[in-house]
Each structure stands twice: as C-alpha cells, then as structure tokens.
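Q: got a predicted structure plus its sequence, pasted below:
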Amino acid sequence: MELITVLRLEFAAIEELPPSIENLTGLKLLSLSFCAKLKFLPDSIHSLSSLSILNIGFCRKLESLPVLPLSLTKLDARCCTSLKTVSSSIPSVKQNWDDLYNRGYSWESFEFLGCEMLDENARKVLMEEALFRILRFSTLFSKYGRGTLFPKMNLSFWPGSEILRWFSHKSEGSSICINLPHDPDHQWYNSSYLGLAFCLIVEFKDLRICPHSMLHVDSTYMFPNGDS
C-alpha cells in the first residue's frame, strides 16, 4: 500500500471527512481550504500522529474543531466565518516535547483571523494554548537551538480586542521599552532569558480583500555598558 503524506481536497464538495482518515498514519499535510460545504472534522483526526500542516481556510460552514494532533505545527483556519467552538489541545501540547523536536519541530503558526463567530470559551482556549506553545517553543529553543540555525518563530492569530493578561508590559502605539534580565558578561543568551514574546492588536479593514498580511518587528537590545 502506498504511503500517503499529502492530501489536497481544496474546493471539494464534501460535508465531512470519514472517521477512517485515521488510517492515514503517514499523512503530513492535509489541505481542505475552500471546501464550502465542510461542517466539521472527525474526532479521529487526533490520531494522525504525523500530521504537521492542516489547511482549512475559507471553509465557511465549518462550525467546530476537535482535539488536534500533537504533531500539528501549522493550522490555517482563516475566514472560517461559522467557526464557533474549538476543543482544547492543551493536554497534548504538554506532552512529549523532546519527541516533537526529534521529529523535526522548528516553528509554529496557528491562524484564526476572520473567525469572528468564535465564542468566549473558544477564544479562551486559543489564548491558553498560545501560552503553552510559547513556553514549549522557548524551552526547546533554550535546550536545542542556541548556537544553531534553529528557527525562532511561534505565531498565533485570533480575533479579539484585549492584550492577554500574562503580558506584564503594555503600551499603546507601535513601540515598547522593557528591562530584561542580564548577566555580568552581558551574554543574555547564556542567562535564564528564554526569549521575547509579544502580543499586538491590529485592525484590518477587510480580510476578504487582503487575507495575507505581514507584521514587521524590530528589536534592539541595550546593555548596561552602552553596547546595543
């Protein structure tokens, strides 16, 4: 039997996926973008232990998401305008961090822009997951990434109008200045400092016209001796 690693069903007239999709154990990419009739994904999708990329953007009738696989590192759910509920994947996110890295984990992106129907609990789930994913990412980078070309990117997008409560430094406008821990040798990358996480609130005029957007970020580190 041929091992299927990529399955693309974009624009397909399907209302659901069969539970038997769990048999595609080698599947790494599943793309269902623009499936206009798709209403839900089967719970068995959680069993796809190799799945790293799931594209469900613009599935406008999709109403809920089940628990997603631990292996998933990219989810595109842009403009799923009927999406209301999201099952928490936090128990999975807390598990087997080293195993995930050994399978090639290097970056993450979870995008829910344009999903304005998400209920309060779903938004809370996404916020909590974002925290754990940032902790996982920064911990693995601290353990494996320093001195290598290990990518340093973890992105999460969802609709909302509040900065997450666990960000202690807040500012209006496009810049912020904060004090970071440092050691006597000014080697911040050898200290307990794991990285920089930030949260932005950005208003888009119309995501239907411009679903792909880019944020540009500059960071400058100033050390006590004046070096930067």
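A: All right, it came through fine.
Q: so in this protein, where's the weakest helix or strand by average pLDDT?
A: Lowest mean confidence among the helices and strands of the chain (mean pLDDT, DSSP states H and E): helix 97-102, at a mean of 75.
Q: in what helix or strand does Cys59 lie?
A: For Cys59, there is no enclosing helix or strand under DSSP states H and E.
Q: once you drop chain neighbours, what's closest to it?
A: Leaving out its chain neighbours, the residue that sits closest to Cys59 by Cβ to Cβ, 6 or more residues apart in numbering is Leu38, at 4.7 Å. For every residue, glycine as well, the C-beta is placed using N, CA and C.
Q: quick one: the one you found and Glu63 touch, right?
A: No. Using Cβ atoms under 8 Å as the test, Leu38 is too far from Glu63 to be in contact (9.7 Å).
Q: the more surrounded of the two?
A: More neighbours surround Leu38 than the other of Leu38 and Glu63, with 23 against 14 (other Cβ atoms under 10 Å).
Q: report the contact partners of the residue nearest to Cys59.
A: If you count contacts by Cβ atoms under 8 Å, 6 or more residues apart in numbering, Leu38 has them with 14-17, 32, 56, 59, 61-62.
Q: next one: Phe58
A: 33-34, 78-80, 211.
Q: kindly report the same for Ser219.
A: Neighbouring residues of Ser219 by Cβ under 8 Å, 6+ apart: Leu196.
Q: can you tell me which of the contacts of Leu38 are buried?
A: Those of these that meet the buried threshold are 17, 32, 56, 59, 62, by 16 or more other Cβ atoms under 10 Å.
Q: just checking, what packs against the longest helix that the chain contains?
A: For the chain, the longest helix by residue count, based on DSSP state H, is helix 120-140. Secondary-structure packing of helix 120-140 (3 or more Cβ pairs under 8 Å, 6 or more residues apart in numbering; DSSP states H and E): strand 85-86, helix 90-93, helix 97-102, strand 107-111, strand 153-157.
Q: between those, which one is nearest to Ile163?
A: For Ile163, the closest of the helices and strands packed on helix 120-140 is strand 153-157, at 13.4 Å, according to Cβ to Cβ.
Q: stretch 105-118 - what's its average pLDDT?
A: On average, the pLDDT along stretch 105-118 is 88.
Q: distance check, Lys84 against Val6.
A: Distance of Lys84 to Val6, given as Cβ to Cβ, to the nearest Å: 29 Å.
Q: neighbour count: those two, which is higher?
A: Using other Cβ under 10 Å as the criterion, Lys84 and Val6 rank with Lys84 on top: 15 against 11.
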